[in-house]
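Enquirer: Sequence first, predicted model second:
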There are 2 protein chains.
Amino acid sequence: MKIVALLYPQMTLLDLVGPMQVWSFLPGTEIQYVWRDKGPVITDCGLPVVATHDFSDAASDPDVLFVGGGAYATLALLGQPDVLAFVAARGERAKWVTSVCTGSLILGAAGLLRGYRAACHWGAREQLTNFGATPSGERVCIDGNRLSGGGITSGIDFGLKVAGHWAGEDTGRVLELILEYAPEPPFGTGRPELADAATRDRAGSMLAAAMAAPG
Amino acid sequence: MKIVALLYPQMTLLDLVGPMQVWSFLPGTEIQYVWRDKGPVITDCGLPVVATHDFSDAASDPDVLFVGGGAYATLALLGQPDVLAFVAARGERAKWVTSVCTGSLILGAAGLLRGYRAACHWGAREQLTNFGATPSGERVCIDGNRLSGGGITSGIDFGLKVAGHWAGEDTGRVLELILEYAPEPPFGTGRPELADAATRDRAGSMLAAAMAAPG
């Protein structure tokens, strides 16, 4: 299983690492971490990660294309034609076209989601309609070979469910145990409809600020 | 809030990224990613990350020391005196001494958990007794200023709970919504007591292999 995963400056690191951690436990997995240029790429956690491949030497026919999200960083990519061309070319040939969080907006802008349902972070989900996609409120959305997760932490559920889809549910069960994924969210506010109005308002303001400007 | 987070070769990347992603949303947070030498450090996902600081220029009095886990990579650190000396020195001066997964074994080997309870991955939890610590089966364990999470994905629950502890529960609720942490584990096998015997056996074999040898 050859996976091409897009890196980009200020991306939300957990969007990427959730599914890559899960899939790394699948035998025979090779992940290429790709950006325009090889070398360090800063993430929104202040941790630089390193692109192992660039747009010219990344596999042209990967089994999986994966794109994670970010805030203003993702919106910035929508205006970068070479990035969208790379995503479109890999996505057209990949067996599976996948994303977490606002990564689905990048797939959409590359023309890969027309007529498909896709998940996205709750704060940006409606923007999928700009690209001919139907927003899904599911935590993990499977529509043909388009596989998408919702906001940030959804990437773990997404990674596990997709691993079970690819390698069988027996393997999915083993990975869930190895990853010790028996969550206990401390506050119970992980979706807008679960949160009180004050929490929703503060989260909305923080997200709007993050989408608007470098921070 | 100044955080010193240890990097090391072949570490389990999600152990680190879960809490760092959560804490990055706290205003005024500075995270130093530290290894013996600055520069790229390979992780178990095949993604190199970059140490922004080394043992000589990392903050000597951080607010937080954080150590994540790994499989054989963690066991290998237990025999590296300079690493344990660095962890001990920062831990003795930090306000909060924290870990996820088998990172608690490193804290233990550095002498920082004597007489404390600590969490750890279920597959290695009992080894904490070698260091005078009491193993906890909790997903998040708070004992004085020793804060620890269980295996791999526990780092998200850990990061959120600790963020609420530091910044108040109102902020914790907002972060949980921004991170969209309303988990739906697809298989329901995230703890040994939830899994069937065949799943437990396969997971145990995979973990034993990962602890024994580079792979």
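Expert: Everything's here; your move. Numbering: from 1, shown residues only, chains lettered A, B, ... in the order given.
Enquirer: from here on, contacts and neighbour counts on C-alpha atoms
Expert: Noted.
Enquirer: Can you report how many residues lie near A:Thr129?
Expert: 16 (other CA atoms under 10 Å in any protein chain shown).
Enquirer: do the same with the one 4 residues further on
Expert: The local packing of A:Ala133 (other CA under 10 Å) involves 22 other residues.
Enquirer: A:Lys95 now?
Expert: A count of nearby residues for A:Lys95, using other CA under 10 Å, gives 15.
Enquirer: give me every residue that touches it.
Expert: A:62-64, A:145 (CA atoms under 8 Å, 6 or more residues apart in numbering or on different chains).
Enquirer: With chain B as the reference, measure out to it.
Expert: For A:Lys95, the distance to chain B (CA to the nearest CA, to the nearest Å) stands at 21 Å.
Enquirer: By neighbours, which of the contacts of A:Lys95 wins?
Expert: A:Pro62 (23 neighbours).
Enquirer: So it is in contact with A:Val87, correct?
Expert: No - contact criterion CA atoms under 8 Å: A:Pro62 and A:Val87 do not qualify, at 11.5 Å.
Enquirer: mind putting the contacts of A:Lys95 in a markdown table, distance to chain B, secondary structure and pLDDT included?
Expert: Listed next are these as a markdown table, based on distance: CA to the nearest CA, whole Å; DSSP: H, G, I helix; E, B strand; the rest coil; pLDDT from 0 to 100:
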| residue | distance to chain B | secondary structure | pLDDT |
| --- | --- | --- | --- |
| A:Pro62 | 17 | coil | 98 |
| A:Asp63 | 17 | coil | 98 |
| A:Val64 | 16 | strand | 98 |
| A:Asn145 | 19 | coil | 98 |
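Enquirer: Show me the two of the residues you listed that sit farthest apart.
Expert: A:Pro62 and A:Asn145 (13.3 Å; CA to CA).
Enquirer: Please parse chain A into its domains.
Expert: A:2-183, A:187-215 (automatic domain parsing).
Enquirer: Reformat the ones you listed as CSV; add distance to B:Phe25.
Expert: Shown next, in CSV, are the domains of chain A (distance: least, CA to CA, whole Å):
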stretch, distance to B:Phe25
domain A:2-183, 9
domain A:187-215, 9
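Enquirer: For those domains, state which one has the densest average packing.
Expert: Across those, averaging neighbours per residue (mean count of other CA atoms under 10 Å in any protein chain shown) puts domain A:2-183 on top, at a mean of 22.
Enquirer: Do me a favour and get the end-to-end distance for it?
Expert: 29 Å (CA to CA, to the nearest Å).
Enquirer: which residues of chain A fall in strands?
Expert: Applying DSSP state E to chain A gives strands spanning A:2-6, A:30-34, A:39-42, A:48-51, A:64-67, A:96-100, A:117-118, A:134-135, A:140-143, A:146-149.
Enquirer: Relative to chain B, how far out is A:His54?
Expert: Small correction: residue A:54 is Asp, not His. 14 Å.
Enquirer: need the contact list for that residue.
Expert: With CA under 8 Å, 6+ apart, A:Asp54 has these contacts: A:34-38.
Enquirer: Chain B next: which of those residues are close?
Expert: Applying CA under 8 Å from any CA of the partner chain to the contacts of A:Asp54, one finds that nothing falls near chain B.
Enquirer: Using TSV, please lay out those together with distance to A:Gln21 and pLDDT.
Expert: Converted to TSV, those look like this (distance: CA to CA, whole Å; pLDDT from 0 to 100):
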residue	distance to A:Gln21	pLDDT
A:Val34	17	98
A:Trp35	19	98
A:Arg36	23	98
A:Asp37	23	97
A:Lys38	21	98
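Enquirer: Among those, which one lies nearest to chain B?
Expert: Nearest to chain B among the contacts of A:Asp54: A:Val34, at 10.4 Å, using CA to the nearest CA.
Enquirer: thought that closest one was touching A:Leu7?
Expert: Yes - A:Val34 is in contact with A:Leu7 according to CA under 8 Å; the separation is 5.6 Å.
Enquirer: Show the contacting residues for A:Gly159.
Expert: A:18-20, A:22-23.
Enquirer: let's see it at 7 Å
Expert: A:18-19, A:22-23 (CA atoms under 7 Å, 6 or more residues apart in numbering or on different chains).
Enquirer: Also near chain B: which of those, exactly?
Expert: Contacts with chain B within the contacts of A:Gly159, as defined by CA under 7 Å from any CA of the partner chain: A:Gly18.
Enquirer: Looking at the contacts of A:Gly159, which is nearest chain B?
Expert: Distances from chain B to the contacts of A:Gly159, taken by CA to the nearest CA, are shortest for A:Gly18, at 6.7 Å.
Enquirer: quick one, what contacts the closest one?
Expert: A:Gly18 sits in contact with A:155-156, A:159, B:14, where contact means CA under 7 Å, 6+ apart.
Enquirer: Okay, now stretch A:104-119: how far is its last residue from its first?
Expert: 7 Å.
Enquirer: Also stretch A:103-114?
Expert: Where stretch A:103-114 begins and where it ends lie 15 Å apart, using CA to CA.
Enquirer: No further queries at this time; thank you.
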